[in-house]
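>>> Sequence first, predicted model second:
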Amino acid sequence: MRGEDGAVKVIVSLDDGSFAAIESGALYAPIDEAARIAGVSYSVMSAWANDRTSPIPHIPVGRAKKLIRVSAISAYAEGKETATCR
C-alpha cells in the first residue's frame, strides 16, 4: 500500500507475533535491501527470489542480480507462511 507521500508501506509479521509497518520510497530493491525491509535473512530472500516454482515478483538485472518488487513482499511472505503452516 502507499502512504500519502507516495512511499510504499509494507506490513511485516515479526517473530514475537507483532507487526511492523516499514516505509520504502523504492518500487524495487536489491535482495539485501528487500531482506531488511521484510525482516528476513539475506539467504531467505535469496531463496524466495530463486524459487523455481513460485519466485517472489522481481526484475532480473544483468546476469545474476535481481530487484525485488517491494510492494509484493508482504503478500508473498504471507503466502509462504500459510503454505508452511499447512
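Received the coordinates, thanks.

>>> Now do the strands for this structure: every range, in order, please.
Ranges of strands in the chain, per DSSP state E, are 8-13, 19-24, 28-30, 58-61, 65-69.

>>> residue ranges with poor pLDDT in the chain?
For the chain, the stretches with pLDDT under 70 are 1-25, 84-86.

>>> Quick one: residues contacting A29.
By CB atoms under 8 Å, 6 or more residues apart in numbering, the contact list for A29 reads 37, 67-68, 70. For every residue, glycine as well, the C-beta is placed using N, CA and C.

>>> ok, these vs H58, which is closest?
Top of the list for closeness to H58, among the contacts of A29 and by CB to CB, is I68 at 4.9 Å.

>>> So what's the residue count around the nearest residue to that closest one once chain neighbours are set aside?
Nearest non-adjacent residue to I68, counting by CB to CB, 6 or more residues apart in numbering: A34, 3.7 Å away. Using other CB atoms under 10 Å, A34 has 28 neighbouring residues.

>>> can you start the count at 44 instead of 1 from here on
Right, with 44 as the first residue, what we last looked at is A77.
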